[in-house]
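Peer 1: mind folding the following:
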Amino acid sequence: MLWFRTPEKVYIKKGCLPVALEELKTVMGKKKAFIVTDSFLYENGYTKDICKRLDEMGIEHMTYSNVAPDPTLSCAVEGTKQMVAFKPDTIIAVGGGSPMDAAKIMWVMYEHPEVDFMDMAMRFSDIRKRIYQFPKMGEKAYFIAVPTTSGTGSEVTPFAVITDDESKVKYPLADYELMPNMAIVDADMMMDAPKGLTAASGIDAVTHALEAYASMMATEFTDGLALESLKVIFEYLPRAYENGKNDVEAREKMAHAATMAGMAFANAFLGVCHSMAHKLGAYHHIAHGIANALMIDEVLRFNAEEVPQKMGTFPQYSYPHTLRRYAEIAEYLGIKGKDDNEKLEGLIKKIDELKEKIGIKKTIKEYGISEKDFLDKLDEMTEQAFDDQCTGANPRYPLLSEIKEMYLKAYYGK
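Peer 2: Okay, here's the model as predicted:
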């Protein structure tokens with residue numbers, strides 16, 4: 001069985017935030033809201049309009065702003081303690097992927113303090129058929145996600161990435177119980193995003209769409225969203241990067257494209273590019289979107305192999321067809337070629353041109369990671385990437401040696 005799931009409500013359009021929040025009082029009768037964000041967003045006033053609207057509606061609120069860029073279990077535990085003391089009936093996550101991920105984990109711990117984190121982090125090829133039954137969510141608190149970046153798609157996905165303080169391992173948790181109840185995608189929250197964040201989050205959305213389209217669980221429902229988001233991103237990301245503070249159209253288009261890509265991978269899932277990016281970020285502190293950008297060329301060529309050593313574990317198709325899928329993306333974007341291989345190379349060239357326009361470097365090495373440090377951690381990083389939740393949906397199942405080879409190529413470049 002296949003399905004397509006999104007939050008119960010997704011609000012889109014610049015300026016929609018105060019109108020959407022009104023439902024908390026007029027429709028749901030909520031009394032107490034717990035806001036989760038990071039210190040930068042809090043100190044720069046990103047939660048002010050939300051707090052003002054809550055005050056106007058007579059909804060009591062409290063803000064937890066101690067979420068780090070790579071949220072840890074200890075941060076989630078600290079936030080949960082405050083949440084338990086406050087007893088909210090609504091949780092509002094404000095930010096990029098990190099505050100939303102941390103808020104999702106806090107939501108689980110608040111509603112189900114008895115759950116074991118490692119049970120939740122158990123990996124499955126298809127989260128629709130998992131042995132561990134994720135606890136039922138939403139009985140204590142309604143979850144609202146308000147993105148401030150155009151990239152992670154976390155506002156419409158059932159995923160949360162959290163780092164174990166002790167082992168330093170990044171765990172992507174996956175279950176539809178983690179899907180927000182409401183997403184509010186308002187470009188007003190993104191107008192002031194700096195260039196580096198615009199680039200990193202935008203290219204993250206590109207890899208979401210590319211991996212969702214090639215995933216062995218892709219469907220007609222996810223394909224359309226993935227293709228349209230790519231088309232929009234290639235057109236509007238350079239504009240948002242160059243003149244984001246003034247280009248309202250580019251910001252709004254990017255906000256919508258990132259959410260569409262999020263809906264695509266929320267249902268089709270991702271692949272080995274994200275597996276490797278998770279570990280590259282954890283071991284070398286490279287921003288998640290940048291890590292994906294550094295790996296995507298190698299992954300496209302790897303997946304396009306017509307006779308792979310191992311196919312995806314449970315594909316919906318009889319024979320490898322990923323090269324054709326990538327050629328379809330190229331065709332949709334207007335890329336010409338005499339055959340599918342030429343179209344794939346044209347697609348990679350277009351991605352590289354986009355990366356250059358938004359200031360993303362070509363190799364891992366160029367981000368200041370020393371050769372010794374990279375090679376010392378390579379084997380451990382490779383094993384953990386192979387074991388990542390995202391690897392299972394990749395259309396070509398990688399060997400450890402193949403992941404290692406992709407890392408090396410991405411480190412040194414051609």
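
Peer 1: now stretch 241-249: buried residues?
Peer 2: Buried residues in stretch 241-249, counted by 16 or more other C-beta atoms under 10 Å: 241, 244, 247. Using the backbone N, CA and C atoms, a C-beta is placed for each residue, glycine as well.

Peer 1: ok, now stretch 342-351?
Peer 2: Quick answer for stretch 342-351 (16+ other C-beta under 10 Å): 343-348, 350-351.

Peer 1: of those, which belong to strands?
Peer 2: Using DSSP state E, no member of the buried residues of stretch 342-351 sits in strands.

Peer 1: ok, so of these, who is nearest residue 198?
Peer 2: Using C-beta to C-beta, residue 351 comes nearest to residue 198 of those, at 16.7 Å.

Peer 1: which residues does that closest one contact?
Peer 2: For residue 351, the contact set (C-beta atoms under 8 Å, 6 or more residues apart in numbering) comprises 206, 296-297, 300.

Peer 1: what distance do you get for it to residue 338?
Peer 2: Distance, residue 351 to residue 338, using C-beta to C-beta, to the nearest Å: 20 Å.

Peer 1: the strands in the stretch 51-200 of the chain, which residues?
Peer 2: With DSSP state E, counting those that start in this stretch as the criterion, the stretch 51-200 of the chain has strands at 60-67, 90-95, 142-147, 159-163, 170-174, 182-185.

Peer 1: and those: which comes nearest residue 216?
Peer 2: That would be strand 170-174 among those, by C-beta to C-beta, at 15.5 Å.

Peer 1: in its sheet, what does the closest one sit against?
Peer 2: Take DSSP bridges as the rule and strand 170-174 pairs in its sheet with strand 159-163 (antiparallel).

Peer 1: what is the distance between the partner strand and the centre of its chain?
Peer 2: Strand 159-163 sits 10 Å away from the centroid of its parent chain (C-alpha atoms, centre = their mean, to the nearest Å).

Peer 1: contacts for that strand next, please.
Peer 2: 70-73, 76, 97, 100-102, 104-105, 154, 169-174, 178, 266, 278, 282.

Peer 1: buried ones from those, can you make that a PyMOL selection?
Peer 2: Applying 16+ other C-beta under 10 Å to the contacts of strand 159-163, the buried members can be selected in PyMOL as follows:
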select buried, resi 70+71+72+73+76+97+100+101+102+104+105+154+169+170+171+172+173+174+178+266+278+282
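
Peer 1: so residue 38 sits against residue 100, correct?
Peer 2: No: the pair formed by residue 38 and residue 100 falls short of the contact definition of C-beta atoms under 8 Å, at 10.5 Å.

Peer 1: how about the strands of the stretch 51-200 of the chain in JSON lines, adding mean pLDDT and distance to residue 42?
Peer 2: JSON lines is the format used below for the strands of the stretch 51-200 of the chain (pLDDT from 0 to 100; distance: least, C-beta to C-beta, whole Å):
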{"stretch": "strand 60-67", "mean pLDDT": "96", "distance to residue 42": "4"}
{"stretch": "strand 90-95", "mean pLDDT": "97", "distance to residue 42": "9"}
{"stretch": "strand 142-147", "mean pLDDT": "98", "distance to residue 42": "13"}
{"stretch": "strand 159-163", "mean pLDDT": "83", "distance to residue 42": "20"}
{"stretch": "strand 170-174", "mean pLDDT": "73", "distance to residue 42": "24"}
{"stretch": "strand 182-185", "mean pLDDT": "98", "distance to residue 42": "18"}
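
Peer 1: redo those as CSV? Include distance to residue 2.
Peer 2: Putting these into CSV (distance: least, C-beta to C-beta, whole Å) gives the following:
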stretch, distance to residue 2
strand 60-67, 34
strand 90-95, 28
strand 142-147, 24
strand 159-163, 18
strand 170-174, 16
strand 182-185, 22
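
Peer 1: excluding covalently adjacent residues, which one is nearest to the most centrally placed residue in the chain?
Peer 2: Nearest to the geometric centre of the chain sits residue 152, at 3.5 Å (C-alpha atoms, centre = their mean). The spatially closest residue to residue 152, leaving aside those adjacent along the chain, is residue 97, at 3.5 Å (C-beta to C-beta, 6 or more residues apart in numbering).

Peer 1: in contact with that neighbour, which residues?
Peer 2: So residue 97 contacts 149, 151-152, 154, 161, 288 (C-beta under 8 Å, 6+ apart).

Peer 1: likewise for residue 283?
Peer 2: Shown in contact with residue 283 (C-beta under 8 Å, 6+ apart): 168, 377, 380-381.

Peer 1: redo that, cut-off 7 Å
Peer 2: By C-beta atoms under 7 Å, 6 or more residues apart in numbering, the contact list for residue 283 reads 377, 381.

Peer 1: now do the strand or helix carrying residue 209, average pLDDT.
Peer 2: Assessed by DSSP states H and E, residue 209 sits inside helix 195-214. Mean pLDDT, helix 195-214: 97.

Peer 1: what lies in contact with whatever helix or strand comes next after it?
Peer 2: Toward the C-terminus, helix 195-214 is succeeded by helix 220-243 as the next helix or strand (DSSP H and E). By C-beta under 7 Å, 6+ apart, the surrounding residues in contact with helix 220-243 are 4, 195, 198-199, 202, 205-206, 209, 212-213, 247, 250-251, 253-254, 257, 260-261, 263-264, 267-268, 329, 332-333, 350, 354, 357-358.

Peer 1: can I have helix 220-243 written out in PDB, keeping just the CAs?
Peer 2: Below are the C-alpha coordinates for helix 220-243, written out as PDB (Å, rounded to 0.1, in the frame of the first residue of the first chain):
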ATOM      1  CA  GLU A 220       2.800  10.200  -9.400                       C
ATOM      2  CA  PHE A 221       1.700  12.300  -6.400                       C
ATOM      3  CA  THR A 222       5.300  13.100  -5.300                       C
ATOM      4  CA  ASP A 223       6.700  13.400  -8.900                       C
ATOM      5  CA  GLY A 224       4.700  16.500  -9.800                       C
ATOM      6  CA  LEU A 225       5.700  18.300  -6.600                       C
ATOM      7  CA  ALA A 226       9.400  17.400  -7.000                       C
ATOM      8  CA  LEU A 227       9.500  18.500 -10.700                       C
ATOM      9  CA  GLU A 228       7.700  21.800 -10.100                       C
ATOM     10  CA  SER A 229       9.800  22.700  -7.000                       C
ATOM     11  CA  LEU A 230      13.000  22.200  -9.100                       C
ATOM     12  CA  LYS A 231      11.700  24.400 -11.900                       C
ATOM     13  CA  VAL A 232      10.900  27.200  -9.400                       C
ATOM     14  CA  ILE A 233      14.200  26.900  -7.500                       C
ATOM     15  CA  PHE A 234      16.400  27.100 -10.600                       C
ATOM     16  CA  GLU A 235      14.500  30.200 -11.600                       C
ATOM     17  CA  TYR A 236      14.200  32.000  -8.300                       C
ATOM     18  CA  LEU A 237      17.000  30.900  -6.000                       C
ATOM     19  CA  PRO A 238      19.700  33.100  -7.700                       C
ATOM     20  CA  ARG A 239      17.300  36.100  -7.300                       C
ATOM     21  CA  ALA A 240      16.600  35.300  -3.700                       C
ATOM     22  CA  TYR A 241      20.300  35.000  -3.000                       C
ATOM     23  CA  GLU A 242      21.300  38.200  -4.800                       C
ATOM     24  CA  ASN A 243      18.500  40.500  -3.600                       C
END
